[in-house]
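Student: Dropping the sequence and predicted coords here.
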Amino acid sequence: QQGMEEMWDQSSSAKQHSNIRWFREAKFGLFIHWGLYSRLAGTWDGKNYYGSGEWIMNQAKIPVSRYRKVAESFNPVNFNADEWAQLAKDAGIKYMVITAKHHEGFSMFDSKVTDFDIVDATPYKKDPMKALAAATRKRGIQFGFYYSQFQDWYEPNGGRNTWDFDESKKDYQQYYRQKAIPQLKELLTNYGPLGIVWFDTPGGMTREQTQAFIDELRVLQPQSLFSSRVGQGLGDYKDFGDSEVPPVPIEGAWESIYTHNDSWGYIAHDMNFKSSHEIIRLLSNVASKGGNLMLNVGPDGKGNIPYYSIKYLKETGAWLQKNGESIYASTAGWIPAQPWGVTTAKPGRLFLHIWEQPGNGQLLVPGFANRVTRVYALTDKKVLSYNQNGSDLVVNTTALRSEHTPDKVVVVEYSGTTPAYNATA
Ligand code: H79
């Protein structure tokens, strides 16, 4: 594995993983939280919990002995890998990351490391990840696993179960050696080439140990990207905090992650789904800063993706069908957010994502010094008139008015080199 250090050491931000390009161009990912918590659906002993469904074991302080029994009634007979992958495809999704193991400690894949896994502990007895890896690959969608590498509330030496186990007696290194690393090796061996390994909430390791942890896994799949939540400033791309978009464009590869409703894991009483309008604006907003949006859905314990997630994802896909040119493989817009919306860019073109059209139709693009050669609506190529006064560009958008989309895209073609980001525009 000569030359691997150059390939992946993001600690000096100038270096990039050699396989980062697909990720940078992808722009839209689907995150899936699915585990035993999905079967509990936010309710334990008759009490409803809010927030994050995947935290119910922690919130209700459910003892391992009782939590284990949840597996006996986890039987996702409606799970259909092709339907999930096709939904992702129809939504315009380019990569999918699913929870192989969340903090609850339950493995949603066939693991020889433990019997607390979907094949050994549930009546379902099959490995849904095998089918999903195949179904996504068939459709050209990059496939990846979320793996909670430190927290494991099922294991005496795993992170953060304080209600069953004594923190002071924990040996985290033993947990890493006996479960996390062997399971990650299973995931990196048994499911074909992975696009991403998505770590979360690191703990108990120094920078050197984190580096060694990465080194040991990297050998198995040098092409796979590791998320920055592996910890200690390492990883191949940057993940911001949950539901966070940076205020200004950010260099390098990065991702914002959002839930579709208010929870990652399925909660039956959480109906606060973002509409397709909100998703589309979130997507263009994140793209306008140069990043990817990975949007999460939480399938239920039977394997059904919630009705509103299907509906709004498909609507988002329909918009992307017509407007994807302004999103995929775009870079951050060099004009900052305006009262009417945001911008994304490609060489020689600036895309105006018009969320709110000015009442008189006259759209001001400040700080536009390059000579404009053509302005047109992206979907129907209808040419729009414009005026350039010094560095102000004013586009007459009245011809756009009949369209009712959450984000009407206008393309501005110009000559000259791509301007630098103009924070004051
Ligand atoms: O997988 C999702 C979260 O479960 C995980 N990261 C995303 C991708 C995550 N792990 N830790 N945290 C997020 C931060 C912890 C937040 C908490 Fe709470 C606040 C834990 C307890 C209070 C949220 C609200 C969860 C339960 C109530």
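Tutor: Now that the structure is in, tell me what you want to look at. These numbers were taken from a predicted model, which means no experiment stands behind them.
Student: would you list every one of the helices in the stretch 1-150 of the chain?
Tutor: 4-8, 21-26, 36-40, 56-59, 64-70, 81-90, 118-121, 128-138 (DSSP state H, counting those that start in this stretch).
Student: okay if I get those helices as CSV plus distance to Gly204?
Tutor: In this view, the C-beta of every residue, glycine as well, is placed from N, C-alpha and C. Below are the helices of the stretch 1-150 of the chain laid out as CSV (distance: least, CB to CB, whole Å):
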stretch, distance to Gly204
helix 4-8, 22
helix 21-26, 28
helix 36-40, 23
helix 56-59, 17
helix 64-70, 20
helix 81-90, 34
helix 118-121, 26
helix 128-138, 26
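Student: Go through those helices and name the closest to Ser284.
Tutor: When the helices of the stretch 1-150 of the chain are compared by CB to CB, helix 21-26 sits nearest Ser284, at 14.9 Å.
Student: buried sites along the closest one?
Tutor: 23-24, 26 (16 or more other CB atoms under 10 Å).
Student: Give me the residue ranges of this protein where confidence is low.
Tutor: Within the chain, the ranges that satisfy pLDDT under 70 run 1-14, 401-404.
Student: Show me which residues of it are close to the ligand?
Tutor: 51-52, 54-55, 59, 200-201, 242, 257, 264 (CB under 6 Å from any ligand atom).
Student: Make JSON lines out of those and add neighbour count.
Tutor: Output for those, formatted as JSON lines (neighbours: other CB atoms under 10 Å):
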{"residue": "Gly51", "neighbour count": "14"}
{"residue": "Ser52", "neighbour count": "22"}
{"residue": "Glu54", "neighbour count": "26"}
{"residue": "Trp55", "neighbour count": "19"}
{"residue": "Gln59", "neighbour count": "15"}
{"residue": "Asp200", "neighbour count": "20"}
{"residue": "Thr201", "neighbour count": "13"}
{"residue": "Asp242", "neighbour count": "13"}
{"residue": "Ile257", "neighbour count": "24"}
{"residue": "Trp264", "neighbour count": "27"}
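Student: Would you point out the most distant pair within the residues you listed?
Tutor: Across the residues of the chain next to the ligand (CB to CB), the longest gap, 20.8 Å, separates Gln59 and Ile257.
Student: helix, strand or coil for Trp163?
Tutor: coil (DSSP: H, G, I helix; E, B strand; the rest coil).
Student: Can we start the residue count at 556 from this point?
Tutor: Okay, using 556 as the starting number, the last item reads as Trp718.
Student: Who are the contact partners of it?
Tutor: 616, 618 (CB atoms under 8 Å, 6 or more residues apart in numbering).
Student: give me that answer again for 10 Å
Tutor: Applying CB atoms under 10 Å, 6 or more residues apart in numbering, we find Trp718 in contact with 612-613, 615-619, 708.
Student: what's the closest of these to the ligand?
Tutor: Asn613 (6.8 Å; CB to the nearest ligand atom).
Student: quick one on the thing from earlier: for the helices of the stretch 556-705 of the chain, which one ends up most surrounded?
Tutor: Stretch with highest mean neighbour count among these: helix 591-595 (a mean of 26; mean count of other CB atoms under 10 Å).
Student: just how off-centre is that one within its chain?
Tutor: Chain-centre distance of helix 591-595: 21 Å, with CA atoms, centre = their mean, to the nearest Å.
Student: Could you do stretch 632-641 as well?
Tutor: 19 Å.
Student: His588 is in contact with Ile653, correct?
Tutor: Yes. Using CB atoms under 10 Å, Ile653 is in contact with His588, at 8.0 Å.
Student: what residues are up against the residue of the stretch 856-980 of the chain found nearest the ligand?
Tutor: Distance from the ligand to each residue of the stretch 856-980 of the chain (CB to the nearest ligand atom) is smallest for Ser864, at 16.3 Å. Listed by CB under 10 Å, 6+ apart, the contact partners of Ser864 are 585, 587, 642, 646, 815-816, 828-829, 850-854.
Student: No more questions from me, cheers.
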